[in-house]
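Asks: sequence first, then the predicted structure, then my questions.
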Amino acid sequence: MSAPPRPSTASRTSGARTSGARTSRPAGNRPTARRGRLVEQAPVPEQRSFAVSHVVAGVLSAAQALVLSLAVVVLPAVVAYLVGAATLTSATDAPDGGVQVRSAIDVATGLWLLGHGVRLTADDVTVTLAPLGIAALALFATYASAKRFAATSVPAWAAGTVTYGLCTTAVAALAGSAPGWSLVLAVPAGLVMGGLGMALGILARPDAPTPAELGERAEVLAQRLTGFDLVPATLRLGLRGGAVVVALLTGAAALLVVAWALAGRATSSDIVTALEPGWTGGIVFAVAQLALLPNLLLWAVAWLAGPGFAVGEGTSFTVFGTVSGPLPAVPLLGALPGEDWANPVSAWAPLLVVACGVVAALFVWRRLEPTLVRWSDVGRVLAGIVVVPGVFVLLGQLAAAGAVGPERLSEIGADPLVTAGLVAAEVGGGAAAVLLGAKLDVVARRGEIGEDLVAWLRRPAPVAGAADRDEEVSGGAVSDGGDLDRPDLAAELGFGDAPGGTDEDADPPGDWARTEAYAVSDPEPDAEPSAAGSADDDEAREADPGK
């Protein structure tokens, strides 16, 4: 039995036109969904659902981070109060528990807001010294939450930033520790903290673009808007060198703080023994000292740079001397440098900052092609190395300074402008010494100044007929590309590319600038024979026709 004949093209076409299917199979075997419907379905609802899910993810991530960081600060305060109330001898001595718990929560919340830059006001005392440890805790919580739960999109970042700012403002309003215009500071503080933490967390996700890709996109956008490159490659390399300086400065300051803590451990132990905080109070003291540890780290940077810092009005802690006074009973302050830290050896501590600039310059120079580096490139690299640590120290000292009370406690921290200026000058001095030395070494090895200048001064005297050729050149008689073009002085001295090809292909104009012997031995192609010489040649030909 033979196989059934295959349907012709005409039948397949007519079947497709009548039934809407691509083949002539029975209607019962046709798929329920037609191709036309799949094409006609618009993807707008799906895109909207994705956008909504990203917004929801950003909101939940920011809210989770805020609750977590706030709980880390509030719970120890509540636990300390409950344990302290349980140790009271009689019920009559115990105050109203609800009021005291609320007071403990308000104080802890005020400290959390203080870490965000919102002033704390209690009993007519205003505290502006921000514990940067709490700020670091909130930033890390936002970063971790965004990396784990947020989506890699701009709507997720924007939603998380706005949510964190609104929640921070709500916490400040409920706590009551920031009355009046101080409450307005909670809005920008929350937006900055939430935006930075969300951005770091989203960029750390596996599907996020790398910092290099973001830099390329920003560069393309800047070129499209302005028409020129705002951040050249050499400036970006200099900024990387500045980041190296910041890392080195932070590491050196951390080692110095450890040395201060080891040297002042006896004083800190005496403070703890005198306070007798117990285990709950010890936890509170530990949290408080961890919150102030980044402040002490930035003060150590100011100490290394030279200007030092103050902990109270009239006090001074510098490498050249120490003027101390009564300090609050905080164990961490026992680690401040004493008078024995100001000696002839410590006076050389600013050289460590200079050394950081030297290391950054070496880091940058190893990633450059020395023969292609121009003086403008050296300036851009040096600017990048100086700007990053200067801005870092300026913002850090602004955040680490403030007041913890009236009168003498109103001055704590380092002078931001002076410290940032000295750090930038010291780093710039070390980096400039390396970069300029390396560039001048390349110039000397290429003979761009010494040999070319000496050869120009020792060039041979002009030969006969040079004045006539100069007149022809000035009169425009010489055609383009001729040998009588006036030489370029910049090209002769080695500061620019010689026109008309490379050194291997053709001799640049003014080869006398290389060696005197070459210019002297080179015959003059345009020199005409003298009349006496021509007559002698004619007589020789008549005497000997074979020549």
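Replies: Cool, got the structure. Remember, predicted model here, so these are calculated numbers, not experimental data. Numbering: from 1, shown residues only.
Asks: so where's the stretch 51-200 of the chain shaky on pLDDT?
Replies: By pLDDT under 70, the weakly predicted segments of the stretch 51-200 of the chain are 84-100, 177-181.
Asks: tell me where it has strands.
Replies: Along the stretch 51-200 of the chain, counting by DSSP state E, counting those that start in this stretch, strands occupy 120-122, 125-127.
Asks: who touches the last one?
Replies: Looking back up the chat, that one is strand 125-127. Here strand 125-127 makes contact (C-beta atoms under 8 Å, 6 or more residues apart in numbering) with 114, 119-121, 402-406. (Each C-beta comes from the backbone N, C-alpha and C, glycine too.)
Asks: if you set the cut-off to 7 Å instead, what comes out?
Replies: With contact meaning C-beta atoms under 7 Å, 6 or more residues apart in numbering, strand 125-127 is reached by 114, 119-120, 403-406.
Asks: so which bits of that strand are buried?
Replies: For strand 125-127, the buried set under the neighbour-count rule, 16 or more other C-beta atoms under 10 Å, comprises Val127.
Asks: and that strand, which strands flank it?
Replies: Using DSSP bridges, the strands paired with strand 125-127 are strand 120-122 (antiparallel).
Asks: so which of the contacts of strand 125-127 sit within helices?
Replies: Secondary structure assignment by DSSP state H places Leu114 of the contacts of strand 125-127 in helices.
Asks: using TSV, lay out the contacts of strand 125-127 together with distance to Glu339.
Replies: Formatted as TSV, the contacts of strand 125-127 follow (distance: C-beta to C-beta, whole Å):
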residue	distance to Glu339
Leu114	32
Arg119	34
Leu120	33
Ala403	25
Val404	24
Gly405	25
Pro406	27
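Asks: may I see the PyMOL selection of the buried members of the contacts of strand 125-127?
Replies: With 16+ other C-beta under 10 Å as the criterion, this PyMOL line picks the buried residues out of the contacts of strand 125-127:
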select buried, resi 114+119+120+403+404
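Asks: closest to Val311 out of the contacts of strand 125-127?
Replies: Val404 (9.5 Å; C-beta to C-beta).
Asks: check the secondary structure at Leu230 for me.
Replies: Secondary structure state of Leu230, per DSSP: H, G, I helix; E, B strand; the rest coil, is coil.
Asks: how about it: what's its closest non-neighbour residue?
Replies: Leaving out its chain neighbours, the residue that sits closest to Leu230 by C-beta to C-beta, 6 or more residues apart in numbering is Ala222, at 4.5 Å.
Asks: which residues in the chain form strands?
Replies: For the chain, the strands defined by DSSP state E cover 120-122, 125-127, 310-311, 316-317, 322-323, 412-413.
Asks: make JSON lines out of those strands and add distance to Ala431.
Replies: Below are the strands of the chain laid out as JSON lines (distance: least, C-beta to C-beta, whole Å):
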{"stretch": "strand 120-122", "distance to Ala431": "41"}
{"stretch": "strand 125-127", "distance to Ala431": "39"}
{"stretch": "strand 310-311", "distance to Ala431": "30"}
{"stretch": "strand 316-317", "distance to Ala431": "28"}
{"stretch": "strand 322-323", "distance to Ala431": "31"}
{"stretch": "strand 412-413", "distance to Ala431": "27"}
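Asks: in the stretch 201-350 of the chain, where is pLDDT below threshold?
Replies: If you take pLDDT under 70 as the line, the stretch 201-350 of the chain has these spans: 277-281.
Asks: tell me where it has helices.
Replies: For the stretch 201-350 of the chain, the helices defined by DSSP state H, counting those that start in this stretch cover 211-226, 233-263, 265-275, 278-305, 350-365.
Asks: let me know which of the ones you listed is the nearest to Asp106.
Replies: Closest approach to Asp106 among the helices of the stretch 201-350 of the chain is made by helix 278-305 (15.5 Å; C-beta to C-beta).
Asks: mind listing what's buried in that closest one?
Replies: Across helix 278-305, burial judged by 16+ other C-beta under 10 Å covers 280, 283-285, 287-289, 291-305.
Asks: same question for stretch 366-374.
Replies: Counting neighbours by 16+ other C-beta under 10 Å, stretch 366-374 gives 368, 373 as buried.
Asks: and what of stretch 63-81?
Replies: Neighbour-count burial for stretch 63-81, with 16+ other C-beta under 10 Å as criterion, is recorded at 63-66, 68-70, 72-74, 76-77, 80-81.
Asks: only C-alpha atoms, please: export that stretch in CSV.
Replies: Output of stretch 63-81 as CSV, limited to C-alpha atoms (Å, rounded to 0.1, in the frame of the first residue of the first chain):
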residue,chain,number,x,y,z
ALA,A,63,12.9,49.4,55.5
GLN,A,64,14.6,46.2,56.6
ALA,A,65,18.0,47.9,56.8
LEU,A,66,16.6,50.8,58.9
VAL,A,67,14.9,48.5,61.4
LEU,A,68,18.0,46.3,61.8
SER,A,69,20.4,49.1,62.4
LEU,A,70,18.0,50.9,64.8
ALA,A,71,17.4,47.7,66.8
VAL,A,72,21.2,47.2,67.3
VAL,A,73,21.3,50.6,69.0
VAL,A,74,18.0,50.5,70.9
LEU,A,75,18.0,47.0,72.3
PRO,A,76,21.2,47.3,74.4
ALA,A,77,19.8,50.5,76.0
VAL,A,78,16.5,48.8,76.9
VAL,A,79,18.3,45.7,78.3
ALA,A,80,20.5,47.9,80.4
TYR,A,81,17.5,49.7,81.9
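Asks: going forward can the numbers begin at 59, since that is how I track them
Replies: Shifting the count to begin at 59 puts that one at stretch 121-139.
Asks: what residues does that stretch touch?
Replies: Outside stretch 121-139, the residues that touch it by C-beta under 7 Å, 6+ apart are 158-159, 162-163, 165-167, 169-170, 192, 195-196, 199-200, 203, 221-222, 225, 229, 255, 338-339, 341-342, 345.
Asks: dump the residue contacts of Leu313.
Replies: Contacts for Leu313 (C-beta under 7 Å, 6+ apart) come out as none.
Asks: swap the cut-off to 10 Å and go again
Replies: Ala358 (C-beta atoms under 10 Å, 6 or more residues apart in numbering).
Asks: tell me how far Ala321 lies from Phe367.
Replies: As for Ala321, its distance to Phe367 is 17 Å (criterion: C-beta to C-beta, to the nearest Å).
Asks: try Leu475
Replies: Counting by C-beta to C-beta - Leu475 and Phe367 are separated by 14 Å.
Asks: between those two, who's got more neighbours?
Replies: Between Leu475 and Phe367, counting by other C-beta atoms under 10 Å, Phe367 is the more crowded of the two (27 against 12).
Asks: wait, that one sits on Thr380?
Replies: No - the criterion here is C-beta atoms under 10 Å, and Phe367 misses it with Thr380 at 11.0 Å.
Asks: where do the contact lists of the two overlap?
Replies: Common contacts of Phe367 and Thr380 (C-beta under 10 Å, 6+ apart): 373-374, 394-395.
Asks: may I see the residues you listed arranged in a markdown table, with neighbour count as well?
Replies: Below are those laid out as a markdown table (neighbours: other C-beta atoms under 10 Å):
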| residue | neighbour count |
| --- | --- |
| Thr373 | 19 |
| Ser374 | 17 |
| Leu394 | 22 |
| Pro395 | 23 |
